[in-house]
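# below are the sequence and a predicted model for it; my questions follow.
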Amino acid sequence: MGFQPVCRLWLLASDFYIMISILLCLLAALSLLISTYFTAISYHWVKPDATWIPSFCRMGERTCATIVFTPRARVFGIPNSVLGQVFYTAIIAAVLGGFLFTRPLVYFYLLGSFLTVLLGVYLTYSLLFLTRVPCKLCFTSHGINLVIFVLLVIGS
């Protein structure tokens, strides 16, 4: 293999990682916004149906209360949304810092993402069959978590 094909392969690989990194950053930023909204509701900083929140994100007082204040909305006493904020911020920092796909850190992010997906499966089950609340933001967040995990697997 000559110099040009190797350079071309390196550029393609570089573009691939750039594309995955951009997607991860965008998805993590969107999930960070959703998590921040849920955190603000959990700590009563914001009402779930505040008029300044876009209408597609607003949740009714009853709907939100049944989700955010259930025991399943907390892990070790900490709201799931706070853990999400930490996770998404860590992903954004790792992408912007350029160390997301470095070993052994990538395994830490893969494990965290995998656990997030497992928790999301349980929470989706809970939403559908226990609380019976169709929370669009919750389903969106769980879907994004799955995509983030897939991107991390592909990138690593």
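Thanks, I have the structure now.

# what's around Ala93, how many residues?
Using other CB atoms under 10 Å, Ala93 has 12 other residues around it. Yep, even glycine has a C-beta here, placed from its N, CA and C like the rest.

# distance of it relative to Phe149?
18 Å (CB to CB, to the nearest Å).

# least confident secondary structure element in the chain?
One helix or strand of the chain scores below all others by mean pLDDT, DSSP states H and E: helix 61-68, with a mean of 65.

# give the next helix or strand downstream of that one.
Next helix or strand after helix 61-68 toward the C-terminus (DSSP states H and E): strand 74-75.

# element containing Thr140?
Counting by DSSP H and E, Thr140 is found in helix 136-155.

# elements contacting that helix?
helix 3-42, helix 105-125 (3 or more CB pairs under 8 Å, 6 or more residues apart in numbering; DSSP states H and E).

# switch those over to CSV; also include mean neighbour count and distance to Gly84.
CSV is the format used below for the helices and strands packed on helix 136-155 (neighbours: other CB atoms under 10 Å; distance: least, CB to CB, whole Å):
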stretch, mean neighbour count, distance to Gly84
helix 3-42, 15, 4
helix 105-125, 16, 8
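
# can you add mean pLDDT and distance to Arg72 and give those helices back as JSON lines?
Listed next are those as JSON lines, based on pLDDT from 0 to 100; distance: least, CB to CB, whole Å:
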{"stretch": "helix 3-42", "mean pLDDT": "78", "distance to Arg72": "13"}
{"stretch": "helix 105-125", "mean pLDDT": "93", "distance to Arg72": "6"}
